[in-house]
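S.K.: here is a sequence with its predicted model. Questions after.
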Amino acid sequence: MSELLSNITALLLFPGGLAIMAAGMIYEYLDRKLVARFQNRVGPRWFQPLADFIKLLAKEEVVPDGIHPALFQWLPVVALAGALTAALYVPIFGAAPAFHFTGDLVVTIYLLSILTLCTGLAGANVANRFSIIGATRTLTQLFSYEAPFLMALFGPAIAAGSWDIAVIETYAASHPWLIIYQPIGFLVALIGLMGKLELPPFDAPEAETEIVSGALTEYSGRGFALFRLGRSVELVIGLTLVAAFYLGGVANPLLFLVKTLALLFIIAALQSLFARLRIDQTVGLWWRSGAVLVLLQLLVLIALKYFGVAL
Amino acid sequence: MPEQKHAEKFIVPIGPQHPALKEPGHFEFTVDGETVTAASVRLGFVHRGIEKGAEERTYIQDLYLLERICGICSHVHALAFALGVEKLAGVVVPDRAQAIRVLVAEMERIHSHLLWLGVAAHEAGFDTLFMYAWRDREKVMDLLEQLCGNRVNYSINVLGGVKEDVNDVIRDGILSAMDYLEKRTDLYLKLVTTERTLIGRTRGIGIMEKQTAARLGTVGPTARASGLERDIRLEAPYSAYHQFPARIVVETTGDLEARFVVRVKELYECFRLIRSILNALPAGELTTKMPRRIPEGETISRVEAPRGELFYFIKSNGSDKPDRVKVRTPSINNFASVMATAVGHKLADIPMILSGIDPCFSCNDRMVTIRGVGQPAGMDWDSLRQYGIEYYK
């Protein structure tokens, strides 16, 4: 009975459910505020993400003609569910993951991709021309960063000799920071996260000056709110993963906060430093440099492991 | 979902309402994947009938009406009209007034170019530069407000002179602001020529050869970025540009980067002109006596607006109202270059190529009659009115 209760708590309150949603909104606020300050703007007030969310939930959801209505309404739900499920397997807030099993790293990464896939499908589902181009770009971008991002997270896994996030995190906490040994992996993971979240300069899939709002152009009310929330949740999960793997683990809430916020600061700075990349430039960047470099690093790691060098 | 046939063209409509457009215009880009294969434009969504309105008003009222053609380069419209009317009336405007007119025109150019820099950076997804440029633009806007009393429609011109004088406080304020802006311009020039992601979006994009630029009749910074030496301030100096000659800024590559560089470098030219005017401001009156009725005759008046040559044709019938005022704004000359250079580029480049000419839609929307075979040579007022009623039925 108590196991059931703790499972329900983990799913609905902490670390999944409400807690991760609240964290997503807080991190979204910090991201927006930091970018605004870097850009010499005032930025939003602290409750703005929550206010946006409530406003969007209250708005009428316009379902366009000529589409599959069930798909239109359920894709945002699936996207958010994927992101929320992923939260159960990562050491969020410095607590041990709610659930873990061998191989949960791969499962988590795929759960994180569900949001992007749903965004792409949502764009392709409607007949809007901006949405279709946005969907094409979203999926093109998925194919460009996904493999390097995956390999960047496999680096620490190989070093720790496990596919279990909790084990990798313990390893990272008890050894020197992995960013020192695997700097390429850290960079690719962090920038891959930006690509995943379609943050500038990787925001070609939703470039407002070209294709209005990309794949989500036709979404107005609830669906849009859920997609946005899903993205904020992914931001927290992604930052947690990178901090846990590369910055010496997140053993307690204080370390979690310091390390993820430092990463958020870097991400916000990167967002305000560059002009938007065209989609062909994004693909070129990832496959010409990102993927090749991280693959080289992975091969070196595997070779070292094979020859029994202690990592 | 409607089936997408392979033979069917995939057309991306941009406008009349679109986030990339600050004013309404309609563009259709046929795309193959991400590559644009055809482009077309339709303008005229913000036709306001200003030319007809000008015929109904006196010359003095027209000055205020014509200043409202453009919200960004309002001063040059009033300047072009005032210069034309003064030429018709045979009035010589005092030197001090002419110098102040040029001073405001150059400050307006700074504000317009900084505004464009921000808009173009925004089209490239570089919002930081957008915010920085617009914050610096506020400096010039504040100075213009201090000098003229208004931030947008400065309304400093009157027929026969200017309304406001430059005192020492304003003079020092402008000079110190120029020093600040010059430092900022150094940063912007460095940014547009060295920032790699921005160069990735501008270098080699939207190239227009010198011959093409000349054939399409482009004007202003768009032409100068293609190596075409066109600047009314030098070709036909007006107002005080005799005493304070401008220098031309030309780039030869003709791509988007050149259009960035030309506009940023022109800012330096503005700073230099403003300093030299303020350091040698001629003494004397601000206005001269102007007749209410303008002698019969017709004239053209050309000035260099921030976007290029601004052309006014004014016909007087001897009364206090003009018989005809024809305005040709620079954007209409430059639009053809967008259509000519867009084909073959990526869809993502299109908003940048479009904003590269610094388009101003409501300025250039006027009635155009295309005379075809078998069609009437023109329309009288009643048939035009009837046509309008039928069109919007």
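M.R.: Received the coordinates, thanks.

S.K.: nearest residue to the closest residue to chain A within the stretch 201-350 of chain B other than its sequence neighbours?
M.R.: Scanning the stretch 201-350 of chain B for proximity to chain A using C-beta to the nearest C-beta identifies B:A348 as nearest, at 4.5 Å. All C-beta atoms are positioned from the backbone trio N, CA, C, and that covers glycine. Closest residue in space to B:A348, ignoring its immediate chain neighbours: A:R278 at 4.5 Å, by C-beta to C-beta, 6 or more residues apart in numbering or on different chains.

S.K.: one more: B:I156?
M.R.: Closest residue to B:I156 apart from its sequence neighbours, by C-beta to C-beta, 6+ apart: B:C148 at 4.5 Å.

S.K.: these two touch, right, that neighbour and B:E164?
M.R.: Yes: counting by C-beta atoms under 8 Å, B:C148 does reach B:E164; the two are 5.7 Å apart.

S.K.: quick check: residues of the stretch 201-311 of chain A near chain B?
M.R.: By the rule C-beta under 8 Å from any C-beta of the partner chain, the part of the stretch 201-311 of chain A lying against chain B is A:201, A:203-204, A:207-212, A:272-281.

S.K.: and if we set it to 10 Å?
M.R.: A:201-204, A:207-213, A:271-281, A:284-285 (C-beta under 10 Å from any C-beta of the partner chain).

S.K.: give the contact list for A:R137.
M.R.: With contacts defined as C-beta atoms under 10 Å, 6 or more residues apart in numbering or on different chains, A:R137 is in contact with A:120, A:123, A:198, A:203-207, A:210-211, A:214-215, A:278-279, A:282-283, B:34, B:347-348.

S.K.: repeat for A:P176
M.R.: Counted by C-beta under 10 Å, 6+ apart, A:P176 has contacts A:G248.

S.K.: also B:S226?
M.R.: The contact partners of B:S226, taken as C-beta under 10 Å, 6+ apart, are B:207-214, B:216, B:218, B:250-255, B:258-259, B:262, B:337.

S.K.: per-residue pLDDT, the residue of the stretch 201-350 of chain B closest to chain A?
M.R.: The confidence metric pLDDT takes the value 82 at B:A348.

S.K.: that one reaches B:F29, doesn't it?
M.R.: No: between B:A348 and B:F29 there is no contact, the gap being 11.3 Å when judged by C-beta atoms under 10 Å.

S.K.: who has more neighbours, the two?
M.R.: Each of B:A348 and B:F29 had its neighbours counted (other C-beta atoms under 10 Å in any protein chain shown), and the higher figure belongs to B:A348 (27 against 22).

S.K.: quick check: phi and psi on the more buried one?
M.R.: Reported as degrees, to the nearest 10, the phi and psi values for B:A348 are phi -70, psi -20.

S.K.: distance check, it against A:R129.
M.R.: When distances are taken as C-beta to C-beta, to the nearest Å, B:A348 and A:R129 turn out to be 15 Å apart.

S.K.: got the residues of the stretch 51-200 of chain B near chain A?
M.R.: By C-beta under 10 Å from any C-beta, the part of the stretch 51-200 of chain B that sits against chain A consists of B:119, B:121-132, B:134-136, B:191, B:195-200.

S.K.: make it 8 Å
M.R.: By C-beta under 8 Å from any C-beta, the residues of the stretch 51-200 of chain B that approach chain A are B:121-132, B:135, B:195, B:197-198, B:200.

S.K.: is it fair to say A:L263 lies in a strand?
M.R.: No: counting by DSSP: H, G, I helix; E, B strand; the rest coil, A:L263 is not found in a strand; it is helix.

S.K.: pull the number of nearby residues for the closest residue in space to it that isn't next to it in sequence.
M.R.: If the residues on either side of it in the chain are set aside, A:L263 comes closest to A:L239, at 5.0 Å by C-beta to C-beta, 6+ apart. Burial of A:L239, expressed as a neighbour count using other C-beta under 10 Å, amounts to 26.

S.K.: next, A:L239: secondary structure please.
M.R.: The three-state label given to A:L239 by three-state DSSP is helix.

S.K.: which parts of stretch A:272-281 are buried?
M.R.: When neighbours are counted by 16 or more other C-beta atoms under 10 Å in any protein chain shown, the buried residues of stretch A:272-281 are found to be A:272, A:274-279, A:281.
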